[in-house]
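In: Got a predicted structure here, sequence first:
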Amino acid sequence: MVRHYKCKGIKSKTSDEDLQNALRDVRERKASIRKTAAAYGIPYATLYDHLSGKSKKRYAGRPTALSYEEEKEIVQCCVVLQEMGFPIDRTSLASVVADYVQATKKDTPFRCDFPGPDWFQLFMKRWKAVLSQRKPQHLSRKRAKALTEDRVQKWMEFVEQIYRKLGFFRLSRKNLSRRVWNCDETAFATASSSKLVIARRGARSVYETMAGSGRDYITVHWCANANGDQIAPYVLYKAQHLYSIWTRNGPDKALYGVSSSGWMEKPNFHSWFEKGFLPQLRELKLIPQVSETVQATEDSSSESANQESDISNPGVVLFFDGHYSHINLDVISAARRNNVTLITLPPNTTHALQPLDVGVFSPMKKGWQKILTQHKRSTHGRGVDKTVFPSLIKQLVDTAMKQSLFQNAFRGAGLYPQPNADAIPKSKLDPAEAVTRYSQSPAKHLHSRTPVGTPASKLQLRHYFGKLFKVTATPKPKSKPKPSSRVELAYYGEVLTADEAYSRITEQEKKKQMTRATKVRRQKEKQPAQRRKKRPTASSADKDENVCQGCYGHFEDDTLDRQEVWVGCEHCWRWFQCDCAGLVDVPEEDNPWICPNCSQ
């Protein structure tokens with residue numbers, strides 16, 4: 001039911017600002033009470049009561065349900081909880097006020113001692129100079145603690161040392177911007193998000209038809225430099241095999257891959273680095289060509305890496321986060337050979353220090369939502385599948401990915417034109433300062449000033465705010481942390497192409513391979529040998545197994561002699577020739593394959 005607010009009584013036309021100005025004029029003896037009241041349009045009795053102390057209110061209008069001191073304490077508690085990272089909403093605030101009113105037996109106009117939306121609206125209006133309603137951004141506690149001012153300052157000093165060692169400061173600003181790169185992956189939804197729409201007033205439910213069962217996500221890897229130059233995107237599907245129909249009508253020079261999880265894995269990142277990143281850097285003439293690359297041993301390359309870089313070929317710098325898929329020995333070796341310096345960002349700080357996260361992904365997602373809406377209207381509700389996705393990504397690259405977007409992002413992250421810690425806004429450092437300032441939990445912090453044994457009628461409002469965060473569940477006992485198999489990252493960032501990092505990662509990879517081989521050997525000893533699946537034969541009893549479901553050709557006795565390869569689907573158990581299935585590479589026998597009909 002739609003609610004219509006009706007103001008009860010005569011609304012005062014006197015504002016709080018006019019009342020305070022009138023009181024100040026009278027106290028400064030600029031005019032008499034009667035003349036001041038007539039000048040500001042305030043009743044003489046109202047102004048006289050405020051001056052004589054008869055009225056204890058500090059604002060115009062009728063008396064409020066709670067006193068000025070009580071409302072001020074509510075405001076202070078709301079601000080403290082917001083700084084601690086535990087903001088409250090309207091319902092939580094109303095429940096706190098209701099508990100306080102019931103405990104103190106305060107006479108209020110609230111129905112059943114519970115404040116309604118009218119009180120909340122007027123309360124926010126009275127304190128609009130201090131409070132406002134905002135939509136919070138989700139931030140993990142690790143990220144809140146990690147981004148400190150000291151850490152940001154040391155990170156910028158670390159980057160400045162690298163720039164100086166590579167000779168970047170001797171380059172022109174244009175040339176420097178072309179050599180500072182950043183890469184990261186993000187997920188794109190295949191259905192537009194919900195938003196406000198126009199509907200009939202009073203309708204109980206408003207539906208929006210969409211194809212499929214829900215929202216799926218496809219990963220895309222992006223890379224750009226401070227000048228706004230972009231590397232063609234790398235689209236990553238969640239599948240076992242890549243079909244040619246999934247790669248049509250996409251951006252120029254775009255690459256495509258598949259993974260079992262749909263997220264970036266080590267083979268995918270290595271493929272992008274070798275087939276996408278390095279070739280396009282050679283086209284931009286930022287690194288030596290293949291024929292000019294020095295084919296030296298690792299020892300000789302490591303010795304040259306420690307020396308001061310020549311201004312004629314300083315190479316490039318690639319910043320990325322410390323995801324395990326990026327820490328790849330093959331990638332590091334290829335980077336050392338091609339004069340590419342790989343630098344990992346400090347852990348849990350990418351939301352403020354990575355350029356793509358700072359100023360690219362947010363406007364990119366807004367442009368993507370517009371493209372999804374246009375596609376839905378033009379196709380009458382058709383969904384976005386893997387065959388349509390490349391063409392939509394091409395529209396996004398042509399329309400939303402502007403050069404100035406990347407330039408401002410690198411400046412906002414403090415990596416260009418020179419490392420600058422002041423580029424990071426102080427609002428992003430506030431969560432770390434709040435964690436340090438408020439070391440206790442919200443309940444303990446709000447209860448710390450309340451004496452033990454205080455009766456309920458004399459408890460302050462902060463006590464009832466603390467009851468919102470009272471722990472009722474028994475905490476789990478602390479267990480010893482399991483040893484992680486991932487590569488440990490430096491606290492202030494690290495150069496992966498340096499000698500120390502390269503040797504350390506090599507040793508860790510060898511230990512992981514030995515551990516993995518031991519686990520596989522033990523599993524084979526425990527588990528019985530699995531029977532291999534039967535391949536189709538011409539003498540099979542079921543004749544459907546001998547027919548290709550793509551061209552309806554028969555499997556004859558001389559098929560193997562003609563070196564024709566057939567693959568079987570793990571779901572429908574039908575057989576296809578590799579050419580009919582659209583497979584470029586023949587899948588291995590241990591790797592399950594799914595036909596196009598079952599995959600859709």
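Out: Yes, it's here.
In: ok, Lys524 - contacts?
Out: By Cβ atoms under 8 Å, 6 or more residues apart in numbering, the contact list for Lys524 is empty. C-beta here means a position set from N, CA and C on the backbone, and glycine is covered the same way.
In: confidence score at it?
Out: On pLDDT, Lys524 comes in at 70.
In: Unless I misread the structure, it falls within a strand.
Out: No. Under the criterion used here (DSSP: H, G, I helix; E, B strand; the rest coil), Lys524 is helix, not part of a strand.
In: how close does it sit to Thr518?
Out: Note on Lys524: its distance to Thr518, by Cβ to Cβ, to the nearest Å, is 11 Å.
In: Can you name the next helix or strand after the helix or strand of the chain with the lowest mean pLDDT?
Out: One helix or strand of the chain scores below all others by mean pLDDT, DSSP states H and E: helix 298-305, with a mean of 44. As assigned by DSSP states H and E, the chain's next helix or strand after helix 298-305 is strand 316-320.
In: Tell me which helix or strand comes right after that next one.
Out: Next along from strand 316-320, by DSSP H and E: helix 329-337.
In: Can I get that next one in CSV? Just the C-alpha atoms.
Out: Listed next in CSV are the C-alpha coordinates belonging to helix 329-337 (Å, rounded to 0.1, in the frame of the first residue of the first chain):
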residue,chain,number,x,y,z
LEU,A,329,58.4,-19.6,-14.3
ASP,A,330,57.8,-19.8,-18.0
VAL,A,331,56.5,-16.2,-18.0
ILE,A,332,59.4,-15.0,-15.9
SER,A,333,61.9,-16.6,-18.2
ALA,A,334,60.3,-15.1,-21.3
ALA,A,335,60.2,-11.7,-19.6
ARG,A,336,64.0,-11.9,-18.7
ARG,A,337,64.8,-12.7,-22.3
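In: Please identify the buried residues of that helix?
Out: 329, 331-332, 334-337 (16 or more other Cβ atoms under 10 Å).
In: what's downstream of it, the next helix or strand?
Out: Next along from helix 329-337, by DSSP H and E: strand 340-344.
In: where exactly do the strands run in the protein?
Out: Using DSSP state E, the strands found in the chain span residues 180-189, 217-225, 230-238, 255-259, 316-320, 340-344, 494-495, 566-568, 575-577.
In: and of those strands, who's closest to Gln418?
Out: Nearest of the strands of the chain to Gln418, taken as Cβ to Cβ: strand 180-189 at 10.5 Å.
In: So which elements touch the closest one?
Out: Under the contact definition 3 or more Cβ pairs under 8 Å, 6 or more residues apart in numbering; DSSP states H and E, strand 180-189 sits against strand 217-225, strand 230-238, strand 316-320, helix 355-359, helix 361-378.
In: if we compare the strands of the chain, which one ends up closest to Arg90?
Out: Nearest to Arg90, of the strands of the chain and by Cβ to Cβ, is strand 180-189 at 29.6 Å.
In: I'd like the helices and strands packed on strand 180-189 written out as TSV, with distance to Lys510, mean neighbour count and mean pLDDT added.
Out: As requested, these are exported to TSV (distance: least, Cβ to Cβ, whole Å; neighbours: other Cβ atoms under 10 Å; pLDDT from 0 to 100):
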stretch	distance to Lys510	mean neighbour count	mean pLDDT
strand 217-225	28	21	95
strand 230-238	28	22	95
strand 316-320	23	23	96
helix 355-359	33	24	95
helix 361-378	36	15	91
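In: hmm, back to that, take the strands of the chain and write them to a markdown table, including distance to Asp118.
Out: As requested, those are exported to a markdown table (distance: least, Cβ to Cβ, whole Å):
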| stretch | distance to Asp118 |
| --- | --- |
| strand 180-189 | 39 |
| strand 217-225 | 43 |
| strand 230-238 | 51 |
| strand 255-259 | 55 |
| strand 316-320 | 52 |
| strand 340-344 | 54 |
| strand 494-495 | 57 |
| strand 566-568 | 69 |
| strand 575-577 | 69 |
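In: What's the per-residue pLDDT of Thr46 here?
Out: Thr46 is given a pLDDT of 82.
In: ugh, typo on my part, it should be Asp321
Out: 93.
In: Tell me which residues touch it, please.
Out: 184, 344-345, 350, 354.
In: Count the residues that sit near the spatially closest residue to Gln76 that is not a sequence neighbour.
Out: Closest residue in space to Gln76, ignoring its immediate chain neighbours: Arg462 at 8.0 Å, by Cβ to Cβ, 6 or more residues apart in numbering. Each residue near Arg462 was counted by other Cβ atoms under 10 Å, and the total is 19.
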